[in-house]
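In: Sequence and predicted structure are below.
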Amino acid sequence: MLVSLKWLKDYVDIELSAEELAHKLTMAGLEVDEIKKIGPKFSGVVVAKILSVTPHPSADRLSLCDVSDGIETYKIVCGAKNIASGDIVPLARIGAVIPGGYTIKSTVLRGEKSDGMLCSESELEIGDDESGIMHLPADLHLGLPLERALNIEDTVLDVNVTPNRSDCLSMIGIAREVAAITGQKMKLPRIKIKESAEDINSLTSVRIIDADLCARYTARMIKNIKIKESPVWLKARLEAAGLRAINNIVDVTNFVMLEMGQPLHAFDFRFLEEGRIVVRKSKENEEFISLDGKTRTLPANTLLICDGVKPVAIGGIMGGLNSEVKEDTQIVLLESAYFNPSSIRRSARKLAMPTDAAFRFERGIDPEGVTTALNRAAQLMADLSEGSICKNYIDEYPAKIQSAQDIPLRMERVRQFTGTDIRVQDVIRILRGIGMVLKRKGKGVFLVTPPTSRVDISREIDLIEEVIRLYGYDRVPVTLPDVSVTETAPIARLELEEKIRQLLVGSGYTEIVNYSFGSPLAADMLCLPEKDFRRNSVRISNPLGEELSAMRTTMLHGLLETMKRNANNGSFDLKIFEMGRVFLNRKEGELAEERNMMAGLITGEISDTFWNSGKTVDFYFLKGCLENVFNDLKLNNFSYTSEITESFLHPGKSCEIIINKDQIGFLGEIHPDVMEKYDLKNHAYVFEINLDILTTHYIGRKIFYQGISSFPAVTRDVAFVVADTMEADKMLSIIYDQKEDLLENVSIFDVYRGKGVSEGTKSLGLRFSYRASDRTLTDSEASAVHERIVQKVVTLTGAKIRA
Amino acid sequence: MISELQKLEKDALAELSAAEAEDQFLNIRTKYLGRKGLLTGLLRNIAQVSDNEKPLFGKLCNELKNSLNSKIDAALLEQANRNKENILLKEKIDVTLPGNAVKYGHIHPVVQIRREICSVFASFGFSIVEGPEIELDYYNFEALNMPKDHPARDMQDTFYIEDNIVLRTHTSPVQVRIMEKVRPPLRILSPGKVYRRDSDVSHTPMFHQIEGLLVDKGVNFGDLKGILSAFLKKIFGSATTLRFRPSFFPFTEPSAEVDIRCVMCGGKGCRVCGQSGWLEILGSGMVDPAVFQNVNYDPEEYSGFAFGLGLERIAMLKYGISDIRLFFENDIRFLKQF
Ligand SMILES: [Zn+2]
């Protein structure tokens, strides 16, 4: 809401500076976002005195004047008749700019030089008088800039009115707040209606069919009007409020809306068929052309103002083109009504017509202020258009709006809730200051009736808020609540996330955060099969764009896009991870399944030190990192299986991650086809892990100390030549499955293909370590166990022992 | 003879000090002290020395022999040490080259702020709770005193999935879900992602919020001021000036916007604070009785306060970031700075 201070001063005296007032309003809940100074529409115009006036030697209608600005004397040629020596007038000197953007230059008129221009009110757009040069008070200091001499400057406060304060969407509403804050008296406009003999009831009628959407409809008729431009004062008011002036009738409706908060509409009566008003709901898909010339297809139950035949306005939102006030309008039917806030809001949203009127109606206007505004506007219209107001007004009020009355307010509750020891007389003063009526009802209890404009107040808490707001939040003493806390169980997943985050960052990974939504094409880019569950994404019905319309079902797309963005910026070496949710669609009407995931991507050089670069990341680098993390978390029983069918992963370099038989995620290189779809060049390795499942294992993990033997171990190395397809894990599990007690550990020390090992096979070098906990193993004891194991491996796998 | 001895000593010392290499020292030893050495030669000629000088001459010769020997030994040892050192010096590396460990990664700045705030509130006894990001209209709006068609819904431009399902526009629905399940007293904190249909330099369609709620018997507006003041002073420093000013949120009443003195200009007015000298940091208020009624808490018995703040905004102020979109572009050159 733009609030002109000049205008505001029509209703309340203000002694504070704009800055002080802005601060006080802000601290009372009416936040001032900006203080704007509005200057005059001219510059370089000063107060001057006419020293002499002589006729122009060669033009009857012009005069030659000597004009002084107190320092210099100027020769001015002037065409106006109303000037005489000694007059104080506005002088636009050379270089001055007057409205319309004209710059005053030195000219020669009929042979006489003119070094400036004397101005009329209308030339400076100070007033409407264009009959002659403006005369200024004689006591003004010569040379004073005119805007200062006449106090033309204005200050406009941009007040951020919160949705509950519909009463402050008007100048009088703001003035009421100012009066309450500063203790000044309100000066309300005096409305004097001069009615003609003709009764409105003999000329028109109003019939409300749908009273649930229109509780009250009032109307007045003004005849014999003349449409013209509004006077300068009115135009200035509208402009300060950010509205454009149109004509005297329309401008009055806007002016009164801004002044009192009541939206109004003026119909050209000659276009109302059957000369009457009918208020009803629309039928589905009724068409209507609004004032702005746009054809609107109305949803059902939009409130329509109709004449005897057709709609003439969308009630509370916008008038119709078919009944608008035109240059030759002579009779105006003026509407002031109360419309149902929810209905207006629904319609305005559906129609995408957030008009000033709708904005006020949907927040709730003062139901008892409807006629005041009607009369105020009728009077102004008549005054400005030389029209005459018909006798009486129509007031259809089928459904009385109940305003809050006698709300109980307990002093004890006020003090307890606010944490202050505010005095009774302060509470009374504050509430009366904003127009509330208080009745005492026993000790420490009042019955409070708010003004009907305060539609936001109906409960005790609403009154307490008013009290503390105007008492001042800064006067509430700072305290700390007593601690009596039942602690909610901590979320284990968050603890796990935090640990993993630390470990990954320590391993060189940087955390990223992507949007939870992305392109629905992600599923195609990742080559997900037709029936993959990740194709079933939750869709946003009103996304910011198609590319941000699908809730993610995997974090991979975001990682690859991040890689792409960084590659475009010349950053090719990445180790990144993200923790967040993915969303899986369920049945319509049900909330999505939200899974907590973590995912990561690496690409490029291992080291970010250039002088020592050269090694690039690979599958084992990423796997090693995850193994480190799991080890540190004391999560055991991990296994990795290459039996995986993720379409976006390289079929030969990918695996599932399994913990205690739960599949918790995958790890692998991105499939070259997918890389191509993303237009990415380097290799990228990724993982994605379900943190919810991981957490269940994290909670259940146990650490048991195992005794350390003080006896030495015996080691044996063997190189098995096995089929290339034989996985190390398989070998190890065959060995451990022998359950030999003396076998302490087997580790892989070598994987070799090439010379000496035939095509299609590889050599796996294994180091066996044997130890007894109670004695030193003899060589022969160890050998016996070792032979058994090796023999078993050979039998089960067909391996050959490499010499 | 004694003078010859003195000359010999002088020559030997001169040669010794001029010598550098090991073989030179050994040669000097042979030249003077060897079996055919010069000193040995002098000793052999002892017969030419007068009898009364003989003992002195013999003594001097021995002394010279011992002193030369130990000087040569010392020189040889020093020489050996110098050699070892030279070998090591040949292995000299450039210690100014950068180290070669894999560099640590970086925690996302918003996550860092979240951790900081959560730990401050943990010290005030708040526990962390979570809720769904795709939320029912009921929890996101209605239970928070924002029925359908309420103008306050304009304050948050909403992404819809279906008519009754939205992307949560704030983390406040979590407090309703918790209150439905848990009886007071309650101190909870719910951090998380929230979504609003908005995108420019200061808005992204997704951002992070932290919502807090404290409910107990007799909690008042002064307590709200107390907890939030303590919190902001921990985050922005104990000298931080703050102010509480009336505002409106549908689910709190009275509501307060909390501002801190601009951290950029100290209150003089600048671009960051829009010339006001103050920065809006968080929204807060006493829980509206209507919200308590929705979760079957008796507003006559219990009162409480709630607050919420945007993490990106705090991070932007703390780190001097002017474009919120940077947080989600994940440019590694940006992330590396935190
Ligand atoms: Zn500032």
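Out: Nice, I can see it.
In: what separates residue B:224 from residue A:456, distance-wise?
Out: 21 Å (CB to CB, to the nearest Å). C-beta here means a position set from N, CA and C on the backbone, and glycine is covered the same way.
In: so who does residue A:695 touch?
Out: Residue A:695 makes contacts with A:492, A:493, A:496, A:596, as judged by CB atoms under 8 Å, 6 or more residues apart in numbering or on different chains.
In: Show the buried residues in the residues you listed.
Out: Using 16 or more other CB atoms under 10 Å in any protein chain shown as the burial test, the contacts of residue A:695 include A:493, A:496, A:596 as buried.
In: what residue is smack in the middle of chain A?
Out: Central residue of chain A (CA atoms, centre = their mean): residue A:544, 13.1 Å from the mean position.
In: Three-state assignment for the residue of the stretch 1-150 of chain B found nearest the ion, please.
Out: Residue of the stretch 1-150 of chain B nearest the ion, by CB to the ion: residue B:113 (20.0 Å). Applying DSSP: H, G, I helix; E, B strand; the rest coil to residue B:113 yields a three-state assignment of helix.
In: The one 5 residues further on now?
Out: For residue B:118, the secondary structure call by three-state DSSP comes out as helix.
In: I'd like to know how far it sits from residue B:189.
Out: Counting by CB to CB - residue B:118 and residue B:189 are separated by 6 Å.
In: Could you break chain A into its assigned domains?
Out: A:2-37+A:157-182, A:43-149, A:195-396, A:407-475, A:492-700, A:714-801 (automatic domain parsing).
In: In CSV, list these along with mean pLDDT and distance to residue B:265.
Out: Below are the domains of chain A laid out as CSV (pLDDT from 0 to 100; distance: least, CB to CB, whole Å):
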stretch, mean pLDDT, distance to residue B:265
domain A:2-37+A:157-182, 95, 16
domain A:43-149, 89, 31
domain A:195-396, 95, 29
domain A:407-475, 95, 22
domain A:492-700, 93, 30
domain A:714-801, 91, 63
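In: Could I get the ones you listed in TSV, plus columns for distance to the ion?
Out: Shown next, in TSV, are those (distance: least, CB to the ion, whole Å):
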stretch	distance to the ion
domain A:2-37+A:157-182	15
domain A:43-149	31
domain A:195-396	27
domain A:407-475	21
domain A:492-700	28
domain A:714-801	61
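In: The stretch 551-700 of chain A: helices as residue ranges?
Out: A:556-568, A:619-632, A:672-677, A:691-700 (DSSP state H, counting those that start in this stretch).
In: Please read the previous query as pertaining to chain B.
Out: B:2-18, B:22-33, B:38-44, B:54-89, B:109-123, B:137-140, B:173-181, B:221-236, B:289-294, B:311-319, B:326-329, B:332-335 (DSSP state H).
In: ok and the first one relative to helix B:54-89, angle-wise?
Out: So the one you mean is helix B:2-18. Helix B:2-18 runs at 0 degrees relative to helix B:54-89, counting by axes from the mean of the first three to the mean of the last three CA atoms, to 10 degrees.
In: how much does helix B:2-18 deviate in direction from helix B:22-33?
Out: Going by the same axes, to 10 degrees, helix B:2-18 makes 180 degrees with helix B:22-33.
In: what about helix B:2-18, average pLDDT?
Out: The average pLDDT within helix B:2-18 is 85.
In: Can I get it as PDB, trimmed to CA atoms?
Out: Below are the C-alpha coordinates for helix B:2-18, written out as PDB (Å, rounded to 0.1, in the frame of the first residue of the first chain):
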ATOM      1  CA  ILE B   2     115.100 -27.500  17.000                       C
ATOM      2  CA  SER B   3     114.500 -24.700  14.500                       C
ATOM      3  CA  GLU B   4     114.300 -27.300  11.700                       C
ATOM      4  CA  LEU B   5     111.700 -29.100  13.800                       C
ATOM      5  CA  GLN B   6     109.800 -25.800  14.200                       C
ATOM      6  CA  LYS B   7     109.900 -25.200  10.400                       C
ATOM      7  CA  LEU B   8     108.700 -28.700   9.800                       C
ATOM      8  CA  GLU B   9     105.700 -28.200  12.100                       C
ATOM      9  CA  LYS B  10     104.900 -25.000  10.400                       C
ATOM     10  CA  ASP B  11     105.000 -26.700   6.900                       C
ATOM     11  CA  ALA B  12     103.000 -29.600   8.000                       C
ATOM     12  CA  LEU B  13     100.200 -27.400   9.500                       C
ATOM     13  CA  ALA B  14     100.100 -25.300   6.400                       C
ATOM     14  CA  GLU B  15      99.700 -28.400   4.200                       C
ATOM     15  CA  LEU B  16      97.100 -29.700   6.400                       C
ATOM     16  CA  SER B  17      95.000 -26.600   6.300                       C
ATOM     17  CA  ALA B  18      95.300 -26.500   2.500                       C
END
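In: List the buried residues of that helix.
Out: B:5, B:8, B:9, B:12, B:16.
In: Name the member of these with the shortest distance to chain A.
Out: residue B:16 (47.2 Å; CB to the nearest CB).
In: list the buried ones in the lowest-mean-pLDDT helix or strand in chain B?
Out: Across the helices and strands of chain B, the lowest-confidence element by mean pLDDT, DSSP states H and E is helix B:38-44, at a mean of 81. Buried residues in helix B:38-44, defined by neighbour count with 16+ other CB under 10 Å: B:38, B:39, B:42.
In: Cool, thanks, talk later.
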